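K.L.:
Following is a predicted model, sequence given first.
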Amino acid sequence: MRCYIGTGVVSVVSEEVLVMSAFDFKKSLYFRGAMWRVFSSLSFACVNVLLKKLGQEVYVLEIVCLQFLFGFLFMLPIARTVPIHLFKNKACVAIGLCASISLAAWGYSMKNIPVVNVVSFGFLGSIFTAMGGIFIFKERVNWLRASSIVLGIIGGAIVAHGQCLENIDFSVEQKAAYILLPLISVSFFSALSLGSKYLVQKMPPSHTTAFIMMSICVFSSLSLPFWSVPTMTQVGWLVFLGIFTACAYEGANRALHVADVTFLMPLGSIRVVASALLGFLLFSEVPSVLVGIGSFVILTAVFLLSASVKYGKREKVII
């Protein structure tokens, strides 16, 4: 017989029940996490194209501040609290600062580079995030999950290869700057992802989302002297941007709440395909045939990911 402690309830179950039910429970959590991650990836794709559109008209840091302000207001009825007390925690402040730097660099990149190119840099961040999940959170990675991570990165690289930076009419200095900005963004976004994993272990995912959005509003508001008054049309687009941003971060945090970082990482590749398709439909950024090949590789990665849950080593679950 074994004793397990849940939310204030102590239950005693037999070894046979544990063996029969543990994997099914674990699998259901992974499935839930996967669905939230897919939802988050699709929302991030919508965020990318809206950033591309608004970046041509509105100051980037103004966009960042207002999108997270509207996103925070959208999240308030869900979070039901304003986690101001977290600003007293240095680790939480560092997480918010990482989010602000990441979003500012991402916005400047999205303004000047085709959507699919900017998003492709995210696969470098995926490597950083996966390593953090393994070494910081001690997540177990079997060969199926490792293969899925590698294929997800390769698939994203293939999708982006068809529209490489050499095809963009920039000077050498501009190319260097626009390569550096996405690298800065994904590095700090990886820190944000790992920080979010830390926070969702201590509080509800909606509180984590609300805090991240509130902290980004605070840091990005420092650029207020450079703002211009947006038109009503731009405000409307900013409201939609805020809603999609809230959905993207809430989906990501809910996924991190129930599943491992390394399990969720390959599913983030979906945003590259979605961003490429939306870039084609809205901005006539024609994707190459490699998008189809890369998409197939990504789907293979997702299949291996599901297999890693079914055939991976069963772990005990405390409920």
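P.N.:
Looks like it came in fine. Since this is a predicted model, take the numbers as computed values, not measurements.
K.L.:
Every contact and neighbour count from this point should use C-alpha atoms.
P.N.:
Noted.
K.L.:
mind listing the helices for the stretch 151-300 of the chain?
P.N.:
For the stretch 151-300 of the chain, the helices defined by DSSP state H, counting those that start in this stretch occupy 172-200, 205-220, 232-258, 261-264, 270-283, 290-311.
K.L.:
Can you check which of those gets nearest to V141?
P.N.:
With C-alpha to C-alpha, the closest approach to V141 among the helices of the stretch 151-300 of the chain belongs to helix 261-264: 7.4 Å.
K.L.:
and that closest one, how far out from the chain's middle?
P.N.:
Taking C-alpha atoms, centre = their mean, to the nearest Å, one finds helix 261-264 lying 11 Å from the centre of the chain it belongs to.
K.L.:
Counting neighbours, what do you get for the closest residue to F87 other than its chain neighbours?
P.N.:
Using C-alpha to C-alpha, 6 or more residues apart in numbering and skipping residues adjacent in sequence, the residue nearest F87 is V93, 5.7 Å away. When neighbours are defined as other C-alpha atoms under 10 Å, V93 has 16 of them.
K.L.:
Then L194?
P.N.:
Neighbourhood size, L194 [other C-alpha under 10 Å]: 21.
K.L.:
State the pLDDT value of it.
P.N.:
The score at L194 is 87. That number is its pLDDT.
K.L.:
Report the contact partners of V47.
P.N.:
L241, F244, T245 (C-alpha atoms under 8 Å, 6 or more residues apart in numbering).
K.L.:
pLDDT, neighbour count and distance to R145 added to these, as TSV?
P.N.:
Shown next, in TSV, are the contacts of V47 (pLDDT from 0 to 100; neighbours: other C-alpha atoms under 10 Å; distance: C-alpha to C-alpha, whole Å):
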residue	pLDDT	neighbour count	distance to R145
L241	94	28	33
F244	95	25	29
T245	94	27	28
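K.L.:
quick one on the thing from earlier: remind me which helix or strand the residue nearest to F87 belongs to.
P.N.:
Per DSSP states H and E, V93 falls inside helix 90-112.
K.L.:
which residues touch that helix?
P.N.:
Contacts of helix 90-112 (C-alpha under 8 Å, 6+ apart): 48, 51-53, 55-56, 60-61, 64, 86-87, 118, 178, 181-182, 184-189, 191-192, 195-196, 211-212, 215-216, 219-220.
K.L.:
follow-up on the earlier one: return the closest of the contacts of V47 with respect to I134.
P.N.:
T245 (27.3 Å).
K.L.:
Tell me the spacing between that closest one and V239.
P.N.:
According to C-alpha to C-alpha, to the nearest Å, T245 and V239 sit 10 Å apart.
K.L.:
who are the neighbours in contact with the residue positioned nearest the centre of the chain?
P.N.:
The residue lying closest to the centre of the chain (C-alpha atoms, centre = their mean) is A252, at 5.7 Å. Applying C-alpha under 8 Å, 6+ apart to A252 gives the contacts W36, R37, S40.
K.L.:
quick one, phi/psi of the first one?
P.N.:
The one in question is W36. phi -60, psi -40 (degrees, to the nearest 10).
K.L.:
pLDDT score for it?
P.N.:
Reading off the model, W36 has pLDDT 93.
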